[in-house]
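Peer 1: Structural data only, the sequence is not supplied:
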């Protein structure tokens, strides 16, 4: 199995942008990076991973993709796991921040920075 590092780069509010919930990047084996991975609402289990794609005459074609079923499971599992972890962190921050004073001048309300 390849070493896979996943980073959630942005989270979208539910119901917007065609069901896209988040974007992610992955580094595979410490030597190959993939940007523009999407976590999309829908499918059998509620969320699915969509690899970067480009529009063609016949629809969309993935630019890069896992070749084996084993690696697909590993990559998609890591992406969805990272998304769920970020969502837990956001929910925890929201609960801890409940009842806090409103943001001051120059501060943004509801902004979550991801590393």
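Peer 2: Looks like it came in fine. For clarity, every value in this text was computed on a predicted model and none was experimentally measured.
Peer 1: Now for this structure, the helix or strand with the poorest mean pLDDT.
Peer 2: Sorting the helices and strands of the chain by mean pLDDT, DSSP states H and E puts helix 69-97 at the bottom, at a mean of 90.
Peer 1: Which helix or which strand is home to residue 26?
Peer 2: According to DSSP states H and E, residue 26 maps onto strand 20-28.
Peer 1: what's the average pLDDT for that strand?
Peer 2: Throughout strand 20-28, pLDDT has a mean value of 95.
Peer 1: Tell me how many other residues surround the closest residue in space to residue 19 that isn't next to it in sequence.
Peer 2: Closest residue to residue 19 in three dimensions, ignoring its sequence neighbours and counting by CB to CB, 6 or more residues apart in numbering: residue 41, at 4.2 Å. For glycine as for every other residue, the C-beta is placed from the backbone atoms N, C-alpha and C. Per other CB atoms under 10 Å, the neighbour tally for residue 41 reads 15.
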